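> pasting the sequence and the predicted coordinates here, then a few questions.
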Number of protein chains: 2
Amino acid sequence: MTRSITRGDLEALDRADSLRDFRDRFAIPEGVIYLDGNSLGALPRETSERVRKVIEDQWGRDLIRSWNAHGWIDLQQRIGAKIGRLIGAGEGETVVADSTSVNLYKMLAAALELRPGRRVIVSETSNFPTDLYIAQGLLRQLGCAHTLQLAAPEDVEAAITDDVAVVMLTHVNYRTGRMYDMQRMTERAHAHGAIMLWDLSHSAGAVPVDLSGANADLAVGCGYKYLNGGPGAPAYLYVARRHQSRISPALSGWLGHESPFAFERSYRPANGIERFIVGAPPILGLTALEVGVDLMLEAPMSAVRAKSLQLTELFDALVTQEIGAEILALVSPREPEMRGSQLCYAHESGWPIMRALIDRGVIGDFRAPDILRFGFTPLYLSYLDVWNAVATLEAILTERAWDKPRYHERALVT
Amino acid sequence: MTRSITRGDLEALDRADSLRDFRDRFAIPEGVIYLDGNSLGALPRETSERVRKVIEDQWGRDLIRSWNAHGWIDLQQRIGAKIGRLIGAGEGETVVADSTSVNLYKMLAAALELRPGRRVIVSETSNFPTDLYIAQGLLRQLGCAHTLQLAAPEDVEAAITDDVAVVMLTHVNYRTGRMYDMQRMTERAHAHGAIMLWDLSHSAGAVPVDLSGANADLAVGCGYKYLNGGPGAPAYLYVARRHQSRISPALSGWLGHESPFAFERSYRPANGIERFIVGAPPILGLTALEVGVDLMLEAPMSAVRAKSLQLTELFDALVTQEIGAEILALVSPREPEMRGSQLCYAHESGWPIMRALIDRGVIGDFRAPDILRFGFTPLYLSYLDVWNAVATLEAILTERAWDKPRYHERALVT
């Protein structure tokens, strides 16, 4: 940088921001700078009223008739198709269902079915734990013939050999924000005949994703982070059309049946992405999720990514300028194109620092053992938020305001 | 009967009904007699406001802090414990999670793990299809060593032999309302060393259930029927304490981990019923479910069952008196103690008759090929509703009002 960044620079960026009107579409509390939308997205203003209508006017008034009258029965496909547009999926390749973990189980089982002669699942040591746990549980189910092989991010490519059935990676790492080159990794997996399974939990709505362009096989993702679907929102999954009819779902529930209301005795999978639905759709959660997804679809992804890059680069530049890179060590990749929409810094007192920050209205989160994690959501963050967040962080560090007993107490959830 | 049942008799029963005040706690639409609470329970009046508060005051205002501040992280255990009281479970034996189908998968896999040397799952030909489909999917996963053996209800006992790993039955049949003697069947399974897995979807909130008294092993159930939890509400599961530590969950997700926020690399199951949780709790659906469960807990189950028996016996007596048992054939067991809280009648024109009934505000449902199904929910049905429902049915049959082209069209969901 040739000159210091000023508050005025950030105010100017806000005035020129093509996405600035989106902020009013969210209910951001007064006095809060929310840098945790990568964990739980903020509340769209419209959500409450939409859910109220579904409860009172649909469930309450039309009762059981709502399954047809209000399209409940197709809601998972309808919202799935919308999410598909955010991640570059083709028509009929995405559906909303269950939780990310449950969908991972379905997709891993599907991958092993697609590669019956192969016995290795490759993943990454620092993958989000549920991805690893689910693989461990599935392999225990299947007996001892399969193995889960974990590699450091930089060693994953080398670990992909001709006996690998599936490569399971989270596109954007939950802790560091490190982002894989989806096209390259998918090609690498295919070159060895393996199936590529992407976890898009920290990608959809945060970075451009082009599953079709990357010729991806399988994917899952979360509804309550950048999609702003609400706490514990239903998750989604993607299955490339070329694979769909070759997979017999492990979780073969009645709503994945070709004809669920014929009440037949034998499972016949539905002809398409519907076969990956299991039980009854969670209508309240789906209603909230659709509001978040609709909002995200209004914003051009190129503008979202451009603003995300600017927000993160400015935040990091201000940390260097105001605090010093030797005090807060950047753990995320330095190259913006290798990052999702978050930044992580290591500090030995990360936990009390984050407690103190939250106390002053700057909400990020902490990831053990020492990571301060900040998520950047271009739809409801301003550039001035970045200035104010770093200023608050600087003040807490300078004053050692974090060094109070109450900030050292551990909460149940971090 | 020595004399005819009159409208006045039913009005007198309403006046004496100890549960009559519960009706006002539900939003029953004007002009509707709702006999389909066994499919989708009615809306408690309090639900909408409770969900609104969670959306606006918790998610919207406290954002990520709500996991601790509003107890979101324990919601599945808290509501699970309440449901446990409705089904005679002990403390720490029930939890809310996922859908009934997904829970069936977990519990079936658990049963097979508890009986590793055995290869047979016994169930019933007329079980709800998803129970059978889930078993078929699990067995496909496990290879060809296991078999699913289906018996007619009267032949199930004979099918339980010493090579059976698990007996999986729905306590109250979804179509006929036929109810198993839980104690007797569980004893029979145990006598042969098998695990007993109950599906309580049509039981909880409808009939007294005593899992502890029956020494049951495993159970699952649905939140959106008699528990009035809303469309696609989260489901629940039960694992007897003596089995819990011996089960390695097939669906081993991060929130079933002993220490989910330590982000360890290897799955270590939580010490208790929590290990059967998989992914993030669906907070909106859980909030609605808790309202329904709380309401149900206010009503003494003995009074609920007594009224249910009276409602169903009067309905059937009125069908005989006003319509004729030769016109509408009772498919449900004739003995009240062998029935859940529903009645089913066969009629070759069942479909258009049900369409015509619904058109006149009497909402039951149809189950292929020829079943008219009526669910009786003592909390929001009056005795006069029974009189009026049968009168409407009688009028439709006498006038042949069902014989119109529009009533013969098939809807997506029946």
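Sure, I can see it.
> now the nearest residue to A:Ala325 once chain neighbours are set aside: phi and psi?
Spatial nearest neighbour of A:Ala325, excluding adjacent residues (C-beta to C-beta, 6 or more residues apart in numbering or on different chains): A:Val319 at 7.0 Å. Using the backbone N, CA and C atoms, a C-beta is placed for each residue, glycine as well. Phi and psi for A:Val319, reported as degrees, to the nearest 10, are phi -60, psi -50.
> point out where chain A drops to low pLDDT.
Applying pLDDT under 70 to chain A picks out residues A:1-2, A:411-414.
> in it, where's the longest helix?
Longest helix in chain A by number of residues (criterion: DSSP state H): helix A:301-318.
> list the buried residues of that helix.
For helix A:301-318, a neighbour-count test (16 or more other C-beta atoms under 10 Å in any protein chain shown) marks A:301, A:304-305, A:307-312, A:314-316, A:318 as buried.
> so who does the closest residue to A:Asp210 other than its chain neighbours touch?
Distance criterion C-beta to C-beta, 6+ apart; nearest residue to A:Asp210, sequence neighbours excluded, is A:Gly88 at 3.6 Å. Neighbour list for A:Gly88: A:208-214 [criterion: C-beta atoms under 8 Å, 6 or more residues apart in numbering or on different chains].
> farthest pair within those residues?
A:Pro208 and A:Ser212 (12.4 Å; C-beta to C-beta).
> next step: the contacts of A:Gly88 restricted to helices.
Per DSSP H, the contacts of A:Gly88 never map to helices.
> give me the neighbour count for the residue nearest to A:Ala325.
22 (other C-beta atoms under 10 Å in any protein chain shown).
> and A:Arg23, what are its phi and psi?
According to degrees, to the nearest 10, A:Arg23 has phi -60, psi -40.
> what's the answer for A:Cys144, then?
phi -100, psi 10.
> could you measure from it over to B:Gly143?
For A:Cys144, the distance to B:Gly143 (C-beta to C-beta, to the nearest Å) stands at 13 Å.
> show me the common contact partners of those two, please.
Listed as contacting both A:Cys144 and B:Gly143 by C-beta under 8 Å, 6+ apart is no residue at all.
> so A:Glu175 touches A:Ile371, yeah?
Check again: residue A:175 is Arg, not Glu. Yes - counting by C-beta atoms under 8 Å, A:Ile371 is a contact partner of A:Arg175 at 5.9 Å.
> shared neighbours of the two, anything?
A:331, A:344.
> which parts of the stretch 1-150 of chain A are strands?
Ranges of strands in the stretch 1-150 of chain A, per DSSP state E, counting those that start in this stretch, are A:33-34, A:94-96, A:120-124, A:147-151.
> just checking, what packs against the helix or strand just after the last one?
Beyond strand A:147-151 on the C-terminal side, the first helix or strand identified by DSSP states H and E is helix A:156-159. Using 3 or more C-beta pairs under 8 Å, 6 or more residues apart in numbering or on different chains; DSSP states H and E as the contact test, the elements touching helix A:156-159 are strand A:120-124, strand A:147-151, helix A:182-191.
> excluding its backbone neighbours, what's nearest the closest residue to chain B within the stretch 151-300 of chain A?
Closest residue of the stretch 151-300 of chain A to chain B, C-beta to the nearest C-beta: A:Gly279 (2.8 Å). Of all residues not flanking A:Gly279 in the chain, B:Ser99 sits nearest, at 2.8 Å (C-beta to C-beta, 6+ apart).
> touching, that neighbour and B:Ala235? I think so.
Yes - counting by C-beta under 8 Å, B:Ala235 is a contact partner of B:Ser99 at 5.1 Å.
> could you point out the helix or strand that follows the longest helix of chain A?
In N-to-C order, the element after helix A:301-318 by DSSP H and E is strand A:329-330.
> neighbouring strands - and their directions - for that following strand?
Its sheet considered, strand A:329-330 pairs with strand A:342-346 (antiparallel) by DSSP bridges.
> and the strand it pairs with with helix A:301-318, angle?
Inter-element angle recorded for strand A:342-346 and helix A:301-318: 20 degrees (by axes from the mean of the first three to the mean of the last three C-alpha atoms, to 10 degrees).
> flag every buried residue along strand A:342-346.
Those would be A:342-345, for strand A:342-346 by 16+ other C-beta under 10 Å.
> identify the residues contacting that strand?
Residues contacting strand A:342-346 (C-beta under 8 Å, 6+ apart): A:38, A:172, A:175-177, A:202, A:312, A:315-316, A:319, A:328-332, A:367, A:370-376.
> filter these down to the buried ones and express that as a PyMOL selection.
In PyMOL, this line selects whichever of the contacts of strand A:342-346 come out buried by 16+ other C-beta under 10 Å:
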select buried, chain A and resi 38+172+175+176+177+202+312+315+316+319+328+330+331+332+367+370+371+372+373+374+375+376
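> so is the longest strand along chain A next to chain B?
Using DSSP state E, we find that the single longest strand of chain A is strand A:164-170. No - applying C-beta under 8 Å from any C-beta of the partner chain, one finds strand A:164-170 separated from chain B by no less than 12.7 Å.
> ok, A:Ala216 touching A:Asp199?
No - counting by C-beta under 8 Å, A:Ala216 stays clear of A:Asp199, with 11.6 Å between them.
> quote the end-to-end distance of stretch A:256-263.
Taking C-alpha to C-alpha, to the nearest Å, stretch A:256-263 runs 12 Å from one end to the other.
> nope, stretch A:371-391 is what I was after
By C-alpha to C-alpha, one end of stretch A:371-391 lies 19 Å from the other end.
> quick one on the thing from earlier: could you dump the contacts of A:Gly88 into JSON lines and include neighbour count?
Converted to JSON lines, the contacts of A:Gly88 look like this (neighbours: other C-beta atoms under 10 Å in any protein chain shown):
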{"residue": "A:Pro208", "neighbour count": "14"}
{"residue": "A:Val209", "neighbour count": "25"}
{"residue": "A:Asp210", "neighbour count": "14"}
{"residue": "A:Leu211", "neighbour count": "24"}
{"residue": "A:Ser212", "neighbour count": "16"}
{"residue": "A:Gly213", "neighbour count": "12"}
{"residue": "A:Ala214", "neighbour count": "20"}
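> and of those, the nearest to A:Met338?
Nearest member of those to A:Met338, counting by C-beta to C-beta, is A:Pro208, at 14.1 Å.
> pull out the buried positions in stretch A:158-167.
Here stretch A:158-167 shows A:159-160, A:163-167 as buried, counting by 16+ other C-beta under 10 Å.
> okay, those residues in TSV with distance to B:Phe22 next?
Listed next are the buried residues of stretch A:158-167 as TSV, based on distance: C-beta to C-beta, whole Å:
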residue	distance to B:Phe22
A:Ala159	61
A:Ile160	61
A:Asp163	62
A:Val164	59
A:Ala165	55
A:Val166	52
A:Val167	55
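> of all those, which comes closest to A:Ile283?
Set against A:Ile283, the nearest of the buried residues of stretch A:158-167 by C-beta to C-beta is A:Val166 (32.6 Å).
> tell me what that closest one is bridged to.
On the basis of DSSP bridges, A:Val166 is bridged to A:Ile121, A:Ile195.
> from what I can see it touches A:Glu113, true?
No - with contacts defined as C-beta under 8 Å, A:Val166 does not count as touching A:Glu113, sitting 10.2 Å away.
> show me which residues of the stretch 101-250 of chain A are close to chain B?
Counting by C-beta under 8 Å from any C-beta, the residues of the stretch 101-250 of chain A that sit close to chain B are A:101-102, A:105, A:109, A:125, A:128-130, A:132-134, A:136-138, A:140-142, A:150, A:175, A:222, A:224, A:230-235, A:248-250.
> just the buried subset of the residues you listed, please.
A:101-102, A:105, A:109, A:128-130, A:132-134, A:136-138, A:140-141, A:150, A:175, A:222, A:224, A:230-235, A:248-250.
> among these, which ones are in helices?
Those of those lying in helices (DSSP H): A:101-102, A:105, A:109, A:129-130, A:132-134, A:136-138, A:140-141.
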